[in-house]
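Asker: Sequence plus predicted model, see below.
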Amino acid sequence: MNPTPRTGAQAGSLADRFEATFGAAPHGVWAAPGRVNLIGEHTDYNEGFVLPFAIDKRARTAVRLRSDSVRKDSTIRLLSTFGDQELVEADAAALIPGTVTGWARYPLGVVWALQQHGIEIPGFDLLLDSDVPLGAGLSSSHAIECAVITALNELTGAGLSAEEMVRLTQHAENAFVGAPTGIMDQSASLRGASGHAVFLDCRDQAVDLVPFETEKAGLVLLVIDTKVSHSHADGGYASRRASCELGADVLGAGALRDVAVADLGEASSLLDPVTFRRVRHIVTENDRVLQAVDVLRIQGPAHIGSLLDASHASMRDDFEISCPELDLAVDTARAYGAIGARMTGGGFGGSAIALTPVQDEQQVRDAVVRAFADAGFTRPDIFTVTPAAGAERVS
Ligand code: GLA
């Protein structure tokens, strides 16, 4: 049990709570999951490959449009079951990037991005809850954005494709929230499928669903939430992105996706040492994603452990986005039975994943908790996740 829950999931019907709050039933309830990335980190904005999956934890949103065309009421009222739980009011016609703080910037960012795309959004009421741990690196913010865009797409009859919704939520994150992130998280949330990882080519958004059934292989995928909070609106993420762009520029590549492992020898003589290491991470990580997809298809999940380990080492040593808590989680999990482990997500905190034989699960959990206590770190949260369905209407 987590003694200090960081999620807003509550028992009871969200629709009932909506009606009690806003005085009328919602027009529907939509849900969108968080994600774990199996492998392929920081490759998305380099037009490369990623292999995330939608997890069995999700944000849910109940929405009612206020279609009072006479008064042209563009008031948005938002309430969440987490955070300070105060009603937020905004004018759909007067949203300004960078001016909204807290969780409300995610739904409002989606509204703003839809409007930028020429889709008129009337006033509406929205109630949100989520059992995606907040700030754990599992894309709780994208889960919110994807639930909201799925709801508004349907309610306004906008008819957007999943690919368009991916680009619009990215625009919301980049331009409204101010985080220069790629397209991996929302692709997993919108396009995930039960029992599968989402093999995504970030250049053209082509998706291949790859079976990833841990249970059948006698494995569990443990998430170790280090409780080290991170924000991709801070400098670290943007500086890594800038290094990648510099590297691609110097190498004359459109994007680092176009640089092959065999090109790295030459690249080392053209790039400064730090930029070279950043580039080497991206180039080798793309290669590891392709290998992981092949291994999963041919041999199954029990055989991707060494790729997960190599990915972590590359992020720790070349991309330098790990932290002592993530390294300890990974090293301890490996020492006590995990067949592969790595940090997942943007880095600088958040969660690690450890692919672990069922029979070693408890011993890995105990060892990680003990190691964190010995190191004087905050007690981590440890839980299992399985690949689940992407965003959908639930009632
Ligand atoms: C965050 C971003 C993604 C991706 C990952 C790193 O989760 O939102 O777009 O860049 O970091 O792989």
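Answerer: Noted; the coordinates are in hand.
Asker: got the residues of the stretch 251-395 of the chain near the ligand?
Answerer: With the criterion set to CB under 6 Å from any ligand atom, the stretch 251-395 of the chain comes near the ligand through Gly345, Gly346. Every C-beta, even on glycine, is put in place using the N, C-alpha and C of the backbone.
Asker: Spatially central residue in the chain, please.
Answerer: Ser139 (3.2 Å; CA atoms, centre = their mean).
Asker: show me the contacts for that one.
Answerer: By CB atoms under 8 Å, 6 or more residues apart in numbering, Ser139 lies in contact with Gly34, Arg35, Val132, Asp185, Ala188, Ser189, Gly345.
Asker: do Arg58 as well
Answerer: Arg58 sits next to Ala31, Ala32, Pro33, Gly34, Ser130, Asp131, Val132, Ala143, Ala147, Ala388 when contact means CB under 8 Å, 6+ apart.
Asker: again, 10 Å this time
Answerer: Neighbouring residues of Arg58 by CB atoms under 10 Å, 6 or more residues apart in numbering: 9, 30-34, 129-132, 140, 143-144, 146-147, 189, 388-392, 394.
Asker: Doesn't it belong to a strand?
Answerer: Yes: using DSSP: H, G, I helix; E, B strand; the rest coil, the assignment for Arg58 is a strand.
Asker: residues from the stretch 101-250 of the chain in reach of the ligand?
Answerer: Selection of the stretch 101-250 of the chain residues close to the ligand by CB under 6 Å from any ligand atom yields Thr181, Gly182, Met184, Asp185, His232.
Asker: what secondary structure does the last one sit in?
Answerer: When the structure is split into helix, strand and coil by three-state DSSP, His232 lands in coil.
Asker: neighbours of it, just the number please.
Answerer: For His232, the count of nearby residues is 24 (other CB atoms under 10 Å).
Asker: now the first one
Answerer: The burial metric for Thr181, expressed as a neighbour count using other CB under 10 Å, is 23.
Asker: next one: the fourth one
Answerer: Using other CB under 10 Å, Asp185 is surrounded by 30 other residues.
Asker: and the residue of the stretch 201-350 of the chain nearest the ligand?
Answerer: Nearest residue of the stretch 201-350 of the chain to the ligand: Gly346, at 3.0 Å (CB to the nearest ligand atom).
Asker: what's near enough to touch that residue?
Answerer: Contact analysis of Gly346 by CB under 10 Å, 6+ apart lists 37, 41-42, 137, 139, 179, 181-182, 184-185, 230-232, 234, 236-237, 240, 321.
Asker: same thing but at 8 Å, please
Answerer: Contacts for Gly346 (CB under 8 Å, 6+ apart) come out as Glu41, His42, Gly137, Thr181, His230, His232, Tyr237, Ile321.
Asker: go on, Leu127?
Answerer: When contacts are counted by CB under 8 Å, 6+ apart, Leu127 touches Leu14, Arg17, Phe18, Thr21, Phe22, Pro26, Thr61, Ala62, Leu79, Ser80, Thr81.
Asker: Brilliant, that's me finished.
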